[in-house]
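>>> the following block contains a protein sequence and its predicted model.
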Amino acid sequence: MKHSILIADDDSRILTALKLLLKGENYQVTVVTSPKACLETIQKHHYSLALIDLNYHTDTTSGDEGLHLITAIKQLDEQLPVVVMTGYSSIEVAVEAMKLGAVDFIKKPWGNDRLLNIIQAQIRIGDMQHQGVKLAQENAILRDQISAKSAGIIAQSHVMQQLLTQLEKLAQSEMNILLTGENGTGKSMFAEYLHQCSTRSSCPFIAVNMGAISENLFESEMFGHIKGAFTDAKDNRIGRFELAEGGSLFLDEIANIAPSQQAKLLHVLEAHQFEKVGSSKTQKVDVRIVSATNSNLAELIEQGQFRQDLLYRLNTIEITIPPLRERKDDILPLAEYFLSQHAEKYRLPKGEFAAQAKQALQTYTWPGNIRELNHMIERAIFLRQGQLVTATDLGLNNETEQYVTTKKQNGIDINHGSLDQIEKSIIEQRLKAFDYNGQATASSLGLSRSAYYRRLEKHNLNL
């Protein structure tokens, strides 16, 4: 990628000489002849470095114009390296420029080697500083994701072997992928697997839960903001699109984006560029979009809650992750894996599953899929007597098995009840299973906090 340099000087001969020199070194060069033009250009475009004169038409000796320009540049872009040129000003003025934020200075006439060394060094330092900020924010996001990170992919069933083969092929393309399926099926895990199999695997994989982003923070979270853009913007922030540059951006719970924000996301997907909040500077972006939902987007489009043109951008191809009940050969291997993980986490003996527990695991219908299995095993490891995990420890006793067989939940016939009736029944059952702990219940259902409370209100289950 070529680095871009902005030069501000009112002497056309200086500008011509610098353009020839720097273009010969493979830099992209923009020239302006006044402080005003310099600031207007910085507001619109990104530069790796600004090379500015300290004196212009108004005052050719004091350097005051250049000093004011440095201050204004730093207010617009605190991270932009500024190198000053001086022909008449004293060394004291150049030192004052450094105090205001300039990174180095050079006297006219300059030596080409010294000028090129300064530019190369300051661009490298600027890149390192930007990368440091980017990595710090990326690490903060990754730390938040560690606690929710799923197990490695366990796929012994035929249907899952086919799915992995399909994902490995699709990973070699640049197509945007939409993953659909029930809550708890591991869509985020398969999104990351897709990234690791792709040619972008050496670049970041950034995941964002769209259901957890409030409408007023959407642009700041996704595109970033500059310091002072709004009341709480105390520092520059790098958005998720910029963090994922060159890699993959996973948009989980995509159906939860507010209609007012869908147009903004669509614009980025179409134009491959965005502006940070508080800035008019356009930044290009190169990311592969993988999104996921458990909602029926076609129905949401009919209801006017989701844009059809946005769906076209997201689902170049759609992959449905099968529910756990359709991959029975994976149930016991997953259960064994979770048992080992939680035993290690809590420093307990692993133990084993009783024969009736294994049978119960395989006959249960798993409405919460892999997430439900994980929580069930974690709870059972504390409820067991000794090291043997029984069906009762799992909460899959004879009464539960019988209700699974008859396809009924709290008196609701799954085969004939309405969707609202079934949903309410499942939430009531899960509330009881987790002793009315809202956070644990929401997590087991694969719902964000806001989505969980919306459903409680919908079914008059407010506690």
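Alright, I've got the coordinates.
>>> please parse the protein into its domains.
Segmentation of the chain into domains, based on automatic domain parsing, reads 4-126, 148-320, 326-458.
>>> may I have the phi/psi pair for Gln273?
phi -160, psi 160 (degrees, to the nearest 10).
>>> tally of neighbours for it?
12 (other CB atoms under 10 Å). C-betas here are computed from N, CA, C, even on glycine.
>>> for the stretch 1-150 of the chain, which segments count as helices?
Under the criterion DSSP state H, counting those that start in this stretch, the stretch 1-150 of the chain contains helices at 12-23, 35-44, 64-76, 91-99, 112-146.
>>> who's in contact with the second one?
Under the contact criterion CB atoms under 8 Å, 6 or more residues apart in numbering, helix 35-44 has outside partners 6, 8, 30, 32, 50, 52, 56, 65-66, 68-69, 72-73, 76-77, 80, 279-282.
>>> now do the same contact list for the spatially closest residue to Leu15 that is not a sequence neighbour.
Sequence neighbours aside, Val31 is the residue nearest to Leu15 in space, at 4.5 Å (criterion: CB to CB, 6 or more residues apart in numbering). Applying CB under 8 Å, 6+ apart, we find Val31 in contact with Leu6, Ile7, Ala8, Asp9, Leu15, Leu18, Lys19.
>>> can you say which of the contacts of helix 35-44 are buried?
6, 8, 30, 32, 50, 52, 56, 65-66, 69, 73, 76-77, 80, 279, 281 (16 or more other CB atoms under 10 Å).
>>> among those residues, which two are most distant?
Pairwise distances across the buried ones among the contacts of helix 35-44 peak at 25.5 Å for Tyr56 and Ser279 (criterion: CB to CB).
>>> run through the bridge partners of the residue nearest to Leu15.
Ile7 (DSSP bridges).
>>> residues contacting the one helix or strand Phe218 maps to, please?
Using DSSP states H and E, Phe218 maps to helix 218-223. If you take CB under 8 Å, 6+ apart as the criterion, helix 218-223 is touched by 208, 213, 225, 229-230, 233, 237, 239-242, 257-258, 261, 264-265, 268, 274-277.
>>> repeat for stretch 91-99
Leu54, Ser62, Gly63, Gly66, Leu67, Ile70, Val84, Thr86, Ala102, Asp104, Phe105, Lys107.
>>> need the contact list for the fourth one.
Contacts were defined as CB under 8 Å, 6+ apart; by that measure Gly66 touches Pro35, Ile52, Asp53, Leu54, Asn55, Tyr56, Val84, Thr86, Ser89, Ala97.
>>> Gln172 and Glu352, how far apart?
41 Å (CB to CB, to the nearest Å).
>>> counting neighbours, go ahead and name the busier of those two.
The residue with more neighbours, out of Gln172 and Glu352, is Glu352; 13 against 10, by other CB under 10 Å.
>>> what about the nearest residue in space to the more buried one that is not next to it in sequence, how many residues nearby?
Once flanking residues are discounted, Glu352 sits nearest to Leu388: 6.4 Å by CB to CB, 6+ apart. By the measure other CB under 10 Å, the count of residues near Leu388 is 13.
>>> go on, Lys432?
11.
>>> which helix or which strand is home to it?
Short version, using DSSP H and E: Lys432 is in helix 419-433.
>>> now Ala360
According to DSSP H and E, Ala360 maps onto helix 355-363.
>>> give the rounded mean pLDDT of that helix.
Helix 355-363 shows a mean pLDDT of 94.
>>> tell me the buried residues in the following helix or strand past that helix?
Reading on from helix 355-363 to the C-terminus, the next helix or strand found by DSSP H and E is helix 369-383. Neighbour counts using 16+ other CB under 10 Å place Asn369, Ile370, Arg371, Glu372, Leu373, Asn374, His375, Met376, Ile377, Arg379, Ala380, Ile381 of helix 369-383 among the buried residues.
>>> sorry, back to before: just name the lowest-scoring one in the buried ones among the contacts of helix 35-44, pLDDT-wise.
The minimum pLDDT among the buried ones among the contacts of helix 35-44 falls on Tyr56, with 81.
>>> so what's the closest residue to His45 other than its chain neighbours up against?
Using CB to CB, 6+ apart and skipping residues adjacent in sequence, the residue nearest His45 is Lys281, 6.2 Å away. By CB under 8 Å, 6+ apart, the residues touching Lys281 are Ile42, Gln43, Lys44, His45, His46, Asp77, Glu275.
>>> who wins for neighbours among those residues?
Ile42 (21 neighbours).
>>> flag the shaky bits of the stretch 151-300 of the chain, pLDDT-wise.
151-152 (pLDDT under 70).
>>> mind listing the helices for it?
With DSSP H, counting those that start in this stretch as the criterion, the stretch 151-300 of the chain has helices spanning 158-171, 187-196, 218-223, 240-243, 259-271, 297-302.
>>> and the closest residue to Leu18 other than its chain neighbours, how close does it get to Leu431?
In space, and not counting its chain neighbours, Leu18 is closest to Ile7: 5.3 Å by CB to CB, 6+ apart. Separation of Ile7 from Leu431 (CB to CB): 66 Å.
>>> looking at these two, which has the bigger crowd around it?
The residue with more neighbours, out of Ile7 and Leu431, is Ile7; 23 against 19, by other CB under 10 Å.
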